[in-house]
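Q: Below are the sequence and a predicted model; questions follow.
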Amino acid sequence: MSPALPDTFAQKALTASLSLALRLILFDGCLSECRSAQTWGLITSTADKMVVWTDFERSTIQDIFSKMDYEVVGPAALTRCLIVYPWTQRYFGNFGNLYNAAAIMGNPMVAKHGTTILHGLDRGVKNMDDLKTTYAELSVLHSEKLHVDPDNFKLLSDCLTIVVAAQLGKAFTAEVQAAFQKFLAVVVSSLGRQYH
Amino acid sequence: MSLTDKDKATVKAVWAKISKSADAIGADALSRMLVVYPQTKTYFSHWPDLGPNSASVKNHGKNVMGGIALAVSKIDDLTAGLLELSEQHAFQLRVDPANFKILSHCILVVIAGLFPKDFTPEAHVAVDKFFCGVSLALAERYR
């Protein structure tokens, strides 16, 4: 032992390097076990920082969507978006009469598309642990074919949040709202991933 | 995106319906904001309690809705009507204006939850436009 180093320092250094060595051995052991393609994918994706859902968030999202009537909420959210943010109508040029709120709310093409959107969200509800892959194709579609400005996804999300708040009333607590908006934010982010 | 006469009439009608619950709306919107957008808590580090039953939160929610009430009364010239509040936000509070949008959204969510039948898409667009106008007027003196 070098007399220049105090004993406690040397002890701490020794402990630290031993525990590091131990960790490296364990990690290497894990790596050799995990060389299969499947688990390698898991390691790289966790290194990619997957979204972590708490039990509360998971059950809240499942609960809200399982009780939701997609054919009511979908049209309500889309019509609200087209009325509150009229510039979003630019994507629905072939939907016929969108001249005023009444026309929009009575438009069957809008209603049908609202339902389609909710079914798209349903896919995410059923695949909460891999939203990126779930929405990869839809992301390409919205970018390459539909040419939708991704800012619009947020506008629709806000309208959907308000429709759900109106439906759930007191049950839409701050914590429930936080979980719901987190889910929508991750979906929106996944939908925007393939844009370039 | 300025307010039309129809917008102003709609906002006043909505306000007439909700103003009795203003304090509750303010408190709920504020406490919701602190939970859903945790970064907003940075402005309230001086409050001992940030929970929904906190006296500080309830009181401040009341203040915010008092500002909204003022804005409704000055709806024909929000910039002039909210000048003092703008100066307060610009020079003392120095709240990043991005947060006005966040709080506006939370107020809309609370109104929708409490008055689902009245908060029609037409009412929503008028109130949203109004809050945008209020936010703009509040940011007037920032730079």
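A: Nice, I can see it.

Q: Go ahead and list the helix or strand containing the residue nearest to residue B:41 when sequence neighbours are not counted.
A: Nearest-residue entry for residue B:41: residue B:34, 5.4 Å, with adjacent residues in sequence omitted and distances by CB to CB, 6 or more residues apart in numbering or on different chains. Yep, even glycine has a C-beta here, placed from its N, CA and C like the rest. Residue B:34 belongs to helix B:22-36 when assigned by DSSP states H and E.

Q: Against which helices or strands is that helix packed?
A: helix A:174-191, helix B:55-73, helix B:98-114 (3 or more CB pairs under 8 Å, 6 or more residues apart in numbering or on different chains; DSSP states H and E).

Q: Export only the CA atoms of that helix, formatted as PDB.
A: Coordinates of each C-alpha in helix B:22-36 appear next as PDB, following Å, rounded to 0.1, in the frame of the first residue of the first chain:
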ATOM      1  CA  ALA B  22     -65.300  30.500 -11.800                       C
ATOM      2  CA  ASP B  23     -63.400  29.900  -8.600                       C
ATOM      3  CA  ALA B  24     -63.800  26.100  -8.900                       C
ATOM      4  CA  ILE B  25     -62.900  26.100 -12.600                       C
ATOM      5  CA  GLY B  26     -59.800  28.100 -11.900                       C
ATOM      6  CA  ALA B  27     -58.600  25.900  -9.000                       C
ATOM      7  CA  ASP B  28     -59.300  22.700 -11.000                       C
ATOM      8  CA  ALA B  29     -57.600  24.000 -14.200                       C
ATOM      9  CA  LEU B  30     -54.500  25.100 -12.300                       C
ATOM     10  CA  SER B  31     -54.100  21.900 -10.300                       C
ATOM     11  CA  ARG B  32     -54.700  19.900 -13.400                       C
ATOM     12  CA  MET B  33     -52.000  21.900 -15.200                       C
ATOM     13  CA  LEU B  34     -49.500  21.200 -12.400                       C
ATOM     14  CA  VAL B  35     -50.200  17.400 -12.800                       C
ATOM     15  CA  VAL B  36     -50.500  17.100 -16.600                       C
END
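
Q: and it, how far from the chain's centre?
A: Distance of helix B:22-36 from the chain centroid (CA atoms, centre = their mean, to the nearest Å) equals 10 Å.

Q: picking up where we left off before, wait, the residue nearest to residue B:41 sits on residue B:54?
A: No - Residue B:34 lies out of contact with residue B:54 (CB atoms under 8 Å); the separation is 9.3 Å.

Q: The two: which is more packed in?
A: A count of neighbours by other CB atoms under 10 Å in any protein chain shown puts residue B:34 above the other of residue B:34 and residue B:54, at 22 against 19.

Q: and of the helices and strands packed on helix B:22-36, who's closest to residue B:125?
A: helix B:98-114 (10.8 Å; CB to CB).
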